[in-house]
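Peer 1: Sequence and predicted model, in that order:
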Amino acid sequence: MKTLGRYFIFLGSIFNNRESFRTYFRLIIDESITIGVDSVFIVAIVSTFIGAVTAVQTAYNIVSPLIENYIIGNIVRDMTILELAPTITALVFAGKVGSSIATGLGTMRISEQIDALEVMGINSVSYLVLPKIVSTMIMYPLLVILAAFLSLYGGFLASTLSGLSSASDYIYGVRYGFNEFTVLFMLIKALVFAFLISTISAYKGFYTSGGALEVGQSSTKAVTSSCIAILLADYLLADLMLN
């Protein structure tokens with residue numbers, strides 16, 4: 001409870017004594033490149049192969065001749081939009097971006113750069129953390145959209161190239177019984193996960209104490225705590241919005 005209370009106090013201090021909009025705009029652009037653009041490659045690789053594996057395993061489990069081949073595209077679509085694109089990508093994102101945020105802030109803490117900002121009268125939490133949160137909440141949903149598309153495309157390639165399904169059957173399955181709400185649900189999950197990853201990682205890094213060893217420990221704790229928070233939020237959102 002003490003850690004949770006300190007976390008909420010940390011969030012509240014973000015909005016105190018803020019800097020000018022121009023300052024934040026520049027910082028947000030820089031963070032967006034670091035957080036979003038530099039994560040495209042790993043997200044693309046993971047999502048493409050996840051879609052391909054899902055298609056192959058779905059085809060393997062179709063044992064009845066009464067089940068049409070288009071069901072492969074249907075299952076890949078629902079698995080991708082509801083779970084794989086937002087959640088699996090979030091776990092990968094936490095490992096890459098979350099650890100980077102925690103390490104960066106932890107290094108600034110032990111090298112007394114954060115103390116120097118506070119001596120100059122700058123709210124170090126707002127100046128350092130708020131741009132990271134905003135950038136993550138902007139870029140991560142875009143990465144999730146990319147992951148969903150590439151996952152569906154990976155399933156398409158795996159199905160057609162291996163002869164598990166024809167291109168027309170797969171596309172028909174993707175379109176069959178489509179529910180637009182699932183896309184909204186995916187984006188809501190993306191925003192929640194982005195907030196959790198950025199704030200938890202920043203919190204762990206900002207309150208690092210000690211030396212280089214503790215910076216590594218803070219990075220590990222940030223990834224672990226973010227993954228637990230993602231899975232818990234995933235369950236709560238599914239229970240609240242899909243029931």
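Peer 2: Arrived safely.

Peer 1: Okay, now the unreliable bits of the chain?
Peer 2: 63, 243 (pLDDT under 70).

Peer 1: how far away is the spatially most central residue of the chain from residue 80?
Peer 2: Per Cα atoms, centre = their mean, the C-alpha nearest to the average position across the chain is that of residue 90, at 3.0 Å. With distances taken as Cβ to Cβ, to the nearest Å, residue 90 is found 14 Å from residue 80. (C-beta placed from N, C-alpha, C; glycine too.)

Peer 1: again, but for residue 12
Peer 2: Per Cβ to Cβ, residue 12 is found 37 Å from residue 80.

Peer 1: now the strands for the chain?
Peer 2: Chain-ordered strands for the chain, with DSSP state E as the definition, do not occur.

Peer 1: Residue 61: neighbouring residues, count only.
Peer 2: Using other Cβ atoms under 10 Å, residue 61 is surrounded by 9 other residues.

Peer 1: And it, how close does it get to residue 7?
Peer 2: Distance of residue 61 to residue 7, given as Cβ to Cβ: 42 Å.

Peer 1: cool, and residue 72?
Peer 2: 43 Å.

Peer 1: Equivalent analysis for residue 214, please.
Peer 2: Relative to residue 7, and taking Cβ to Cβ, residue 214 is found at 18 Å.

Peer 1: repeat for residue 64
Peer 2: 50 Å.

Peer 1: Pull out the buried positions in the longest helix anywhere in the chain.
Peer 2: Scanning the chain for the longest helix, with DSSP state H as the assignment, gives helix 124-161. Neighbour-count burial for helix 124-161, counted by 16 or more other Cβ atoms under 10 Å, picks out 124-141, 143-152, 154-156, 158-160.

Peer 1: re the thing from before, please identify which of residue 12 and residue 80 sits among more neighbours.
Peer 2: Neighbours per residue (other Cβ under 10 Å) separate residue 12 from residue 80, with residue 80 holding more: 27 against 10.

Peer 1: Surely that one and residue 54 touch.
Peer 2: Yes. Residue 80 lies in contact with residue 54 (Cβ atoms under 8 Å); the separation is 7.3 Å.

Peer 1: any residues in contact with both of these two?
Peer 2: 151, 155 (Cβ atoms under 8 Å, 6 or more residues apart in numbering).

Peer 1: Skipping adjacent residues, who's closest to residue 211 in space?
Peer 2: Once flanking residues are discounted, residue 211 sits nearest to residue 110: 5.9 Å by Cβ to Cβ, 6 or more residues apart in numbering.
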